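Novice: Need a 3D model of the following:
(one chain, ligands or ions: 1)
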Amino acid sequence: MALKISVIGTGYLGATHAACMSSLGFDVIGIDVDPAKVATLARGEIPFYEPGLDTLLKEQVSSGRLTFSSQIQDASDCDVHFICVGTPQVKDGLAADLTYVNSSVEAVGAIAKNGSLVVGKSTVPVGTAARLQSRLQEINPQLDLAWNPEFLREGFAVEDTLHPNRLVVGVTNDRAESILKEIYASNLAENTPWVRADLPTAELVKVAANSFLATKISFINAMAEICEAAGGDVTVLAKAIGYDPRIGSRFLQAGIGFGGGCLPKDIRAFMARAEELGAKQAVEFLREIDAINLRARQRVIELVRRDLSEDLRGKKVAVLGAAFKPDSDDVRDSPALDIAVQIQAAGALVTVHDPKAMTNAEKRFPVLNFASSIEDCVRDAEIVLHLTEWKIYREIDPVAIKELVSQAIIIDGRNALDREKWLAAGWKFRALGRS
Ligand code: UGA
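Specialist: A predicted model of the protein is given here:
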């Protein structure tokens, strides 16, 4: 008989995982403590924007295989429980807040039937899984725990979940591995690389991967700073080094840097955990990665001051993009919004546009002005900042839009616009890392 699955925590990761597991033919119940979220998902709607997930979720809910509940007891007949709750940064430090992971393991331990497997997917500091396994077995020695980190990217969540580029399973015995092989049978049939690891290694794979990605981005942003100082062009530099397959061209897009709910907090939590382990020096470089990343935001603000004036009071600034990256409505630690808010705080009148993230942005920063069209956003602006590289912004006609602004100056904070086209239309074109 097919395994029955529960997914505890139905945020970004959990909702996607639940819908994808159901699409593979499993009976799935999504559990969340937030009854409003449960009600939305149970209607087949998603409370955030993720391409393709809305259709998949609707299909799966109507198939009857996928249900949602706020009562953990409703998951008591499941064979496998995936823990997908968030691990945000703590308010008063760099570490990850494990409150939700701890409480879900307590809750699931109390209701899980003998022989069931609890599988952690949340990003946690190394050592958490071993501690949780001991705790689970204290509650009920017939339960087992595995760690199966998730590498999905927002904007590609469904594709990355159904066709991951690797599967990593941290287990302490063969039985746990074989249950996970049953769940991921379709991936194994596609020859997806399968890595069996112990619990600490599985946890570390996740933070190591995100640290590497963050390092790659900050590396190219450091090169952007050098290009600015030396009169070079970082986009050409990135292209040239990217042809070396040992380096690779992906994640070498220089600009205002990384944000979102993962990379920034994961590198910080990694530093905090390394310090606890007495291995602080090993990841001390991540402090510099974080600093380079935050500096990119300041560099854009300096460019604005250089073009307008030191005193930004009363200056009209248009900001294109609020999400931390395109194809997402997520504004957590968004570099675009951070820049917008800092410029507004300096006295400028900032108007923001984003095709999907306006509601979330407005909730978080009601002090900013929001425009529902690109035209309204840029009208009378003295400078336009392109800060999230949505496709619709690349399709802007610089000739037409020039009629609307009061000064034709654009800063491309993502190095994604066609510079020649904007220059030809008579704009002053600024970009990070391009002299
Ligand atoms: C990231 C990882 O890429 C996923 O593999 C991982 O599963 C996920 O975190 C997680 O831990 O849950 P995500 O946060 O969706 O995924 O975003 P990315 O696509 O990694 O982008 C992160 C940030 O880096 C964005 O703000 C993006 O604009 C920026 N970025 C990306 C650059 O500035 N330059 C680049 O070349 C690439």
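
Novice: what mean pLDDT would you report for the helix ranked longest in the chain?
Specialist: Scanning the chain for the helix with the most residues, using DSSP state H, yields helix 199-230. Averaging pLDDT along helix 199-230 gives 98.

Novice: now stretch 370-387
Specialist: 98.

Novice: So which elements touch the longest helix of the chain?
Specialist: helix 128-139, strand 144-147, strand 167-170, helix 234-242, helix 263-276, helix 285-307 (3 or more CB pairs under 8 Å, 6 or more residues apart in numbering; DSSP states H and E). Heads up, the C-betas are built off the backbone N, CA and C, glycines and all.

Novice: between the first one and helix 199-230, how many degrees?
Specialist: Here helix 128-139 runs at an angle of 150 degrees relative to helix 199-230 (axes from the mean of the first three to the mean of the last three CA atoms, to 10 degrees).

Novice: who touches helix 128-139?
Specialist: Residues from elsewhere that reach helix 128-139 (CB atoms under 8 Å, 6 or more residues apart in numbering): 98, 101-102, 105-106, 109-110, 118, 120, 143-145, 147, 170, 172, 199-200, 202-203.

Novice: Distance from the chain centre to it, please.
Specialist: 28 Å (CA atoms, centre = their mean, to the nearest Å).

Novice: in it, what's buried?
Specialist: Neighbour-count burial for helix 128-139, with 16 or more other CB atoms under 10 Å as criterion, is recorded at 128, 129, 130, 131, 132, 133, 136.

Novice: which SS state does residue 329 fall under?
Specialist: Secondary structure of residue 329, reduced to three states by DSSP: H, G, I helix; E, B strand; the rest coil: coil.

Novice: Please identify the helix or strand for whichever residue of the stretch 101-250 of the chain sits closest to the ligand.
Specialist: Proximity of the stretch 101-250 of the chain to the ligand (CB to the nearest ligand atom) peaks at residue 154, 3.5 Å away. Here residue 154 is covered by no helix or strand, with elements defined by DSSP states H and E.

Novice: Was I right to think it contacts residue 326?
Specialist: No: if you go by CB atoms under 8 Å, residue 154 and residue 326 don't touch, sitting 9.8 Å apart.

Novice: These two - which one has more neighbours?
Specialist: residue 154 (25 against 21; other CB atoms under 10 Å).

Novice: Provide the backbone phi and psi angles at that one.
Specialist: phi -60, psi 140 (degrees, to the nearest 10).

Novice: Quick check: closest non-adjacent residue to it.
Specialist: Spatially, and ignoring its direct neighbours in sequence, residue 154 is nearest to residue 328 (4.5 Å; CB to CB, 6 or more residues apart in numbering).

Novice: same thing with residue 381?
Specialist: residue 318 (3.8 Å).

Novice: Residue 177 now?
Specialist: Here the residue nearest residue 177, using CB to CB, 6+ apart, is residue 171, at 4.8 Å.
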